[in-house]
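[1] test case, fold it:
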Amino acid sequence: MSFRRRVVSVLVLVLVGSGGFVAAQALAPTVEQPGPVERVHRYYGAGPSAVYDGDSGGIGQVSPLQFQAPGAASRAGVVEASFSYRTRGPGPFVVSVRVGEVGGERVTVKPGELPLARAPHGGSTTVRFLAPELVDGTTYEAYLGVNSVFAGPRATNAVHTRHVVLTVDLH
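    Down below sits the predicted model:
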């Protein structure tokens with residue numbers, strides 16, 4: 001094989017090899033780099049409640065967790081609540097989180113609500129919700145809520161929460 005053929009063969013191998021490398025890099029999955037997470041939290045000794053007895057009912061609320069979304073762009077918020085609870089009645093029982101601007105519009109939170117298992121002897125759980133678009137520089141309020149339905153004229157549905165830790169992680 002002549003010197004010229006060897007050089008051409010080496011060049012072809014280098015070009016084909018580097019093209020394969022570039023193609024492999026283009027097909028590789030993009031790795032997302034997490035940004036800094038900022039966290040705010042609040043503890044409630046006695047949390048929200050809901051009681052439906054016969055044809056009347058009531059919902060007990062707690063003061064909201066207020067926080068500001070810092071940064072130069074919209075951020076996502078993950079709202080987590082850990083709590084102990086006790087239920088009475090057949091249910092169903094649900095837990096939800098509401099996030100909104102202070103004195104303003106609510107933000108869409110996903111999921112809207114989650115089922116809460118019956119716990120006549122007490123139980124505990126942790127739930128998470130996503131508030132996907134929080135605008136920078138805006139002050140928000142986050143509320144935890146529990147609820148049930150009317151159980152009928154001679155029945156009671158009740159849910160009471162305690163030892164609530166409400167956390168918002170801003171991503």
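
[2] so where's the protein uncertain?
    Residue ranges of the chain with pLDDT under 70: 1-28, 30-35, 72.

[3] try 50
    Along the chain, the parts satisfying pLDDT under 50 run over 7-8, 11, 13-15, 21-24.

[4] just the strands in it please.
    38-53, 56-60, 65-68, 75-88, 93-101, 106-107, 114-116, 123-134, 139-147, 156-170 (DSSP state E).

[5] Pro29: which of those is closest?
    Across the strands of the chain, the minimum distance to Pro29, taken as C-beta to C-beta, is reached by strand 75-88, at 20.9 Å. Any C-beta I mention is one placed from the backbone N, CA and C, and that applies to glycine too.

[6] how distant is that closest one from the center of its chain?
    Distance of strand 75-88 from its chain centroid, counting by C-alpha atoms, centre = their mean, to the nearest Å, is 9 Å.

[7] alpha carbons of it, as PDB, please.
    What follows is strand 75-88, C-alpha atoms only, in PDB (Å, rounded to 0.1, in the frame of the first residue of the first chain):
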ATOM      1  CA  ARG A  75     -40.100  29.300  39.700                       C
ATOM      2  CA  ALA A  76     -41.900  26.100  40.600                       C
ATOM      3  CA  GLY A  77     -43.000  25.500  44.100                       C
ATOM      4  CA  VAL A  78     -43.300  22.000  45.700                       C
ATOM      5  CA  VAL A  79     -45.600  22.200  48.700                       C
ATOM      6  CA  GLU A  80     -45.200  19.300  51.200                       C
ATOM      7  CA  ALA A  81     -47.300  18.700  54.300                       C
ATOM      8  CA  SER A  82     -46.600  16.100  56.900                       C
ATOM      9  CA  PHE A  83     -49.100  15.700  59.700                       C
ATOM     10  CA  SER A  84     -50.900  13.400  62.200                       C
ATOM     11  CA  TYR A  85     -54.700  13.100  61.900                       C
ATOM     12  CA  ARG A  86     -57.800  11.400  63.200                       C
ATOM     13  CA  THR A  87     -61.100  10.800  61.300                       C
ATOM     14  CA  ARG A  88     -64.600   9.900  62.400                       C
END
